[in-house]
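**Student:** predicted model, plus sequence, below.
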Amino acid sequence: MDSTTTVLLVAALVAAALLAAAVGLLVRLVRTRRTLRRAGLPTGPRWVFWGAVVYLVLPTDLLPDPVYLDDVGVLLLALRSLRAARTLPTDGTES
């Protein structure tokens, strides 16, 4: 086996692994979307969550990518808004 074949084989394996990870992530995002809809949360916190996911994926950040503090902070704020929306009474009665 020559070096070109080895490089192509490694590249194919890496591409297959990335594709499998992307498909797995897509399945989890679809499940998350379905779960958020079924939870009966208001639209606002759901948009905040999806905005945080988009911010995590986008290449532009407030801080350079080796420092993930801004990404973690945005996700934590989105999860906090989801949690706060979940605990609010939806029909005006307290339980």
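**Tutor:** Great, that's in hand.
**Student:** what's downstream of the host helix or strand of Gly24, the next helix or strand?
**Tutor:** Gly24 belongs to helix 3-38 when assigned by DSSP states H and E. Next helix or strand after helix 3-38 toward the C-terminus (DSSP H and E): helix 43-57.
**Student:** tell me what that next one is packed against?
**Tutor:** helix 3-38, helix 69-87 (3 or more CB pairs under 8 Å, 6 or more residues apart in numbering; DSSP states H and E). To be clear about C-beta, it is placed using only N, CA and C from the backbone, and glycine gets the same treatment.
**Student:** now the helix holding Gly24 against helix 69-87, angle please.
**Tutor:** Interaxial angle, helix 3-38 versus helix 69-87 (axes from the mean of the first three to the mean of the last three CA atoms, to 10 degrees): 30 degrees.
**Student:** dump the residue contacts of the spatially most central residue of the chain.
**Tutor:** Nearest residue to the geometric centre of the chain (CA atoms, centre = their mean): Val53, 4.2 Å. Each residue near Val53 by CB atoms under 8 Å, 6 or more residues apart in numbering is listed here: 29, 75, 78.
**Student:** quick check on those: which are buried?
**Tutor:** Burial by neighbour count, 16 or more other CB atoms under 10 Å: within these this picks out 75, 78.
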